[in-house]
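>>> Structure here, sequence nowhere to be found:
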């Protein structure tokens, strides 16, 4: 299960199996989406499969995730998603009304995000060879002129901003997981971030890095950026917004909110000169109202993320190895 | 299982559930790929999931299918595939060397087709919730100027050409299916059709319809075109190339080769004035060496496909309802 967790094992699969097998430079870029040029047009292109369990959870469903996950990957290149593909893998015996509910959730999420589902496919596998519904979406969007956002562009001095409270999606899904139900007043933060990114780009096209901290959470996202750009990251742990219900649920489950998935948050590396203005623009957007500066990019300890704890100490925030919360998206 | 078979049940899912839920006009176009405009560039965009069993079969693997299936869907718009996305859903416990072999097959097929794998994703599900490896690919490619190929463009008088022998992929996969193994000297025709389509477009950009007859076979492809364009199709049954081993295997299994999947064939609706030249160009291409004129498009019986049998009679070639051969791609 760990190879799907977004941590070190996932990264090994990509680096040691997929990248060598497929060749090419784009996969090696380690970004949430590939930036490419076709017919003179600069496009972002990305894909995600979705195997979340259960299919509906507080605040969303696999249909919402399938839209917002891919829309957000495109947004992390600065692109506004234009078109989505959608592939269903249905398990024999899944109820048609359930398929219909998921399709309707997906369609509603697409309309909310301003993206059109342009093409699709359906396959059916035998009962016991699937789990109700698996989804895949791929998306394409235009990258605006002058925008070059990718993990490699982080530089010492950049200010690290998170768009809001972390850990909410993972805790919301776990709260309704079979065998694990617990009462917690948390709804998934699942949302499309294209509009928030546009508001940030309106301040300056010179955002260095954007990342949506999904599987592996904020810790995985920051580690990947630190490695890709060969920079260090220093966090002020107290500045990272963690809602009390998330902190409590994590304490009970033995989880660290830094490693819990988010589906409607982003982390940005912004040149210091623009940081205050970008933060102000984020806070004016509904999806960035709780945006906060949580740290900075440094020259020391390249490839490593360090948190300054409330007690004045420091701790290393590792890339997770495997999967804390399987099938969270 | 029938809802994934490419026949009438699949079509119902799209028309009654997915198209209304997703909205938009592109899905309703019923083409193998969507033709869209982004930043002034005309693109084809398509997706397919792959659940073939077994993962390796005579003449190919799920990795070959995942590339060629999507490359061919793009080619059916006249587009040369440029970039692919690739999503793996792995079942817990699948051997890493098997994943590696599939990835290598996929990479080799991509290089052969001249397409780059630009972005990917991996998810892992518990043992018993998948079947080794499921794949999804989506692809984008440029549609050349002046090319407008889609099912709706079929008109009475068009000549119907098939690029070679039918039924080969389905029979090859079935010959190694658990519990059904039979000795047959047939390898899958799995191949990328972009080059063949380019050779045809070099004769004339005015090809009306292209379709790769995968699930549901030639019968499903022709029925979909007849319905989309409100035209009739008349086939000369004897002219449809069916290799003897395929005919024999189908006789034993109780299948009609017209309904068996192909993965390296296309059917074209070509204006009569260009038909001989297009056929000649196809025959000069390795993937079209056995191309044949198999019928024509007529005004009578719109929405219906009729075969003239060898005995001088006629029979209706229906859209298949469900699935003759589950999990063939």
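Done, it's in. Values in this document were obtained by computation on a predicted structure and should not be read as measured data.
>>> Residue A:69 sits in which helix or strand?
helix A:62-75 (DSSP states H and E).
>>> same question for that helix, mean pLDDT?
Throughout helix A:62-75, pLDDT has a mean value of 98.
>>> all helices of the stretch 151-300 of chain A, in order?
For the stretch 151-300 of chain A, the helices defined by DSSP state H, counting those that start in this stretch cover A:168-174, A:194-203, A:217-229, A:244-253, A:272-284.
>>> if we can go back for a sec, indicate each strand paired with the helix or strand immediately after the helix holding residue A:69 in the chain and its parallel or antiparallel sense.
Sequence-wise, the next helix or strand downstream of helix A:62-75 (DSSP H and E) is strand A:80-91. Sheet pairing of strand A:80-91 (DSSP bridges) gives strand A:116-125 (parallel), strand A:133-142 (antiparallel).
>>> How about the contacts made by the residue nearest to residue A:54 when sequence neighbours are not counted?
Excluding its sequence neighbours, the residue lying closest to residue A:54 (C-beta to C-beta, 6 or more residues apart in numbering or on different chains) is residue A:176, at 5.9 Å. Heads up, the C-betas are built off the backbone N, CA and C, glycines and all. By C-beta atoms under 8 Å, 6 or more residues apart in numbering or on different chains, residue A:176 lies in contact with A:54, A:57, A:58.
>>> ok, how many other residues are close to the last one?
By the other C-beta atoms under 10 Å in any protein chain shown criterion, the neighbourhood of residue A:58 contains 16 residues.
>>> Looking at the record's assignment, how would you partition chain A?
A:32-142, A:151-316 (automatic domain parsing).
>>> per-residue confidence averaged over the longest one?
Right, domain A:151-316. Taken as a whole, domain A:151-316 has a mean pLDDT of 94.
>>> Can you give me the end-to-end span of it?
Domain A:151-316 has an end-to-end distance of 20 Å (criterion: C-alpha to C-alpha, to the nearest Å).
>>> And the top helix by length along chain A, how far out from the chain middle?
If you go by DSSP state H, chain A has its longest helix at helix A:96-113. Helix A:96-113 sits 21 Å away from the centroid of its parent chain (C-alpha atoms, centre = their mean, to the nearest Å).
>>> any idea how far the residue lying closest to residue A:275 once chain neighbours are set aside lies from residue A:106?
Nearest non-adjacent residue to residue A:275, counting by C-beta to C-beta, 6+ apart: residue A:159, 3.8 Å away. Remark: distance between residue A:159 and residue A:106 (C-beta to C-beta, to the nearest Å) = 36 Å.
>>> neighbour-wise, which of these two wins?
residue A:106 (28 against 21).
>>> residues contacting residue A:108?
Per C-beta under 8 Å, 6+ apart, neighbours of residue A:108: residue A:63.
>>> Check what pLDDT it gets.
Residue A:108 is assigned 97 on the pLDDT scale.
>>> For residue A:195, see how far away it is.
The separation that residue A:108 has from residue A:195, given C-beta to C-beta, amounts to 16 Å.
>>> Same check on residue A:124?
36 Å.
>>> same deal with residue A:61?
21 Å.
>>> who's more crowded, the two?
Between residue A:61 and residue A:195, counting by other C-beta under 10 Å, residue A:61 is the more crowded of the two (23 against 18).
>>> From what I see, the more buried one and residue A:53 are in contact.
No: contact criterion C-beta atoms under 8 Å: residue A:61 and residue A:53 do not qualify, at 11.5 Å.
>>> re the thing from before, adding mean neighbour count and mean pLDDT, write the strands paired with strand A:80-91 out as TSV.
Shown next, in TSV, are these (neighbours: other C-beta atoms under 10 Å in any protein chain shown; pLDDT from 0 to 100):
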stretch	mean neighbour count	mean pLDDT
strand A:116-125	25	94
strand A:133-142	29	98
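>>> Tell me which of those sits nearest to residue B:277.
Residue B:277 lies closest to strand A:116-125 among these, at 31.3 Å (C-beta to C-beta).
>>> how far does the closest one sit from the chain's center?
Distance, stretch centre to chain centre, for strand A:116-125: 23 Å (C-alpha atoms, centre = their mean).
>>> cool, stretch A:33-43 as well?
21 Å.
>>> If you count neighbours, what's buried in that stretch?
Buried residues in stretch A:33-43, defined by neighbour count with 16 or more other C-beta atoms under 10 Å in any protein chain shown: A:33, A:34, A:35, A:36, A:38, A:41, A:42, A:43.
>>> same deal with stretch A:149-159?
A:149, A:150, A:151, A:152, A:153, A:154, A:157, A:158, A:159.
>>> And residue A:290, how far from chain B?
Using C-beta to the nearest C-beta, to the nearest Å, residue A:290 is found at 28 Å from chain B.
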